[in-house]
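> Dropping the sequence and predicted coords here.
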Amino acid sequence: MENMGTRFPILLYQRRGEKMGDKKYMRNIPQPQFEGYPRTELDEEAVRLEKGRLIEGVKNVPVLLKPLEASEYKIVYKNTDVQNTVGAKVEDFIYMIDNSEGMKVAVMGRAPHWRNVSTLLDTSWKDANVTSHYFFEVSTKGIGMVKSEVLKDYDYDTLKQENEYGTNINLGHANKDDFFWMEDLVSLTQKLNSIGIRSELYWAIADVNTVSYNGELYDLKDAKKQGIVHKEKDNNPQIGVRLLRTNHRIEDYFKNNNAQEKRGMLLSVYDAFNKETKLSGRDMPILDIENREHQKLYFETVLKQHIENLALLINYGLTYYHMHSSNLTLMGEIVDTAVIESIHINDTEPFQNLEGVYDTSSRTDMYKGVRIGYLKDMRDCITGIRFLLRGLHNDGYNVSKREEAYDLVVETFERIFDKEKFAVVDTETNVQKIGDALKEIAKRILVERETLPPLKRNGIETWHLGSL
């Protein structure tokens, strides 16, 4: 890699089997960067082996990213109040995978990062109460990646039309359903952060007329003709640019068997954690990953942040229904928030569903006085905390004992859960049973190490909740 005197480092890219330095088969790939905040973290060995850009969270994926031209997208929602100190614009983060002049390979990813890429950049945003929120990564979602799990059972012709569930979708891309549920995610994520929920914050959402498939770019009209994008009239691909404190999820850490990679995750998270402490002025020491007390403090802080998120969602009559470990970050925030729904239809403030558009019955159905959506969110969130506790403990880090973690979950939930507010928001749910269910679910998962069956394939009755 060499810098040619521009703001774009240049990658020398070579076809397989050709000698390095053969100019006939070299091409220059501009990879945008900002001073002090490189857009890409390049692996020199990967560059030498013509693997190009390595994407965090994705293994063995040879991809290069092409920033889209202004004529190839149109921003439809934008948060104009996002700030940074290096002159970065949201338009700088709208790009697609493009290997078209390099290797002809399948562009594959692994959940939960199978169609997004992150860039390190410090940003901030102030809500209506003039409270500052700080973020340290920019994540672009919908760049054209394909889940490797799907490719085990499907060929590319099938992937053009369906996902692994047989649903028509633009695999590796995104559309309105990814960024607009109750309302557009630029607006929704501002509201979530404003009420104290640690959440992703969407910077912009854009319609795109250029898409990536199998590492090559296609005009949208051509892509629909060829079946790469489903031909439904309103099925138009979009890209979302969101801000995160970290894109490392609990599942990333827990399921990773590479000790060096896991250590790297925690080091980057501790770094971001300390940045947030300095910027926010919160009463917390600068964490040292080698300090045993700090290790426990880190775990307890993330536990409390996730439980606070859970309690705040319930306070406002919101169900997430996907609060599992792949959507919980190692900095106590929730992602993929488009799936959050209110129990109310056409409510006014501050959250509402659109009547006749989305069916929320599975979430809002009552089970012995409590909505199923609340119970599922409790189970998923606390299971994620259990994974983090076990993963950190198994790697030799100091964490709370299981009984201590249980006590901290209950204490945090009771501190945040507003019974009076909730009784007004949800007049049908038994307020007392919310707390009783939380205690039982937390005890069975954290202390008794029980696994409550996922509701995707099981009924809520299989949990045998004695508290209800």
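Arrived safely. Computed from a predicted structure; not experimentally measured. Numbers count the residues shown, from 1 in each chain.

> Point out where this structure drops to low pLDDT.
1-64, 99-114, 145-171, 215, 233, 345-349, 352-361 (pLDDT under 70).

> Please parse it into its domains.
31-244, 250-463 (automatic domain parsing).

> before we move on, what SS does His230 have?
coil (DSSP: H, G, I helix; E, B strand; the rest coil).

> Can you tell me the closest non-neighbouring residue to Lys74?
Once flanking residues are discounted, Lys74 sits nearest to Asp207: 4.8 Å by CB to CB, 6 or more residues apart in numbering. The way it works is simple: take the backbone N, C-alpha and C, and place the C-beta from them, glycine included.

> that's a strand at the one you found, yeah?
Yes: applying three-state DSSP, one finds Asp207 inside a strand.

> isn't it right up against Leu68?
No: here Asp207 does not reach Leu68: they are 11.1 Å apart, not a contact under CB atoms under 8 Å.

> which residues in the stretch 201-350 of the chain form strands?
For the stretch 201-350 of the chain, the strands defined by DSSP state E, counting those that start in this stretch occupy 201-208, 210-213, 216-219, 238-244, 318-319, 341-342.

> for the ones you listed, which one sits closest to Arg449?
Arg449 sits nearest to strand 318-319 of all the strands of the stretch 201-350 of the chain, at 26.2 Å, using CB to CB.

> Sheet-wise, list the partners of the closest one with their directions.
Strand 318-319 pairs in its sheet with strand 341-342 (antiparallel), by DSSP bridges.

> could you point out which element follows the partner strand?
helix 361-364 (DSSP states H and E).

> quick one: the strands in the stretch 51-200 of the chain?
So, for the stretch 51-200 of the chain - with DSSP E, counting those that start in this stretch - the strands run 65-67, 73-78, 95-97, 108-109, 116-126, 132-141, 146-147.

> Contacts only, for the residue nearest to the spatial centre of the chain.
In the chain, the residue lying closest to the centroid (CA atoms, centre = their mean) is Val335, at 3.9 Å. Contacts for Val335 (CB atoms under 8 Å, 6 or more residues apart in numbering) come out as 199-200, 242, 244, 247, 249, 327, 329.

> rerun at 10 Å
By CB atoms under 10 Å, 6 or more residues apart in numbering, Val335 lies in contact with 112, 116, 139, 141, 189, 199-200, 242, 244, 246-247, 249, 322, 326-329.

> Would you show me how to pick out the buried ones of those in PyMOL?
Entered in PyMOL, the line below selects the buried ones among the contacts of Val335, by 16 or more other CB atoms under 10 Å:
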select buried, resi 112+116+139+141+189+199+200+242+244+246+247+249+322+326+327+328+329
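
> Could you list which of the contacts of Val335 belong to helices?
Per DSSP state H, helices hold the following members of those: Thr189.

> Right, I'll call it a day here.
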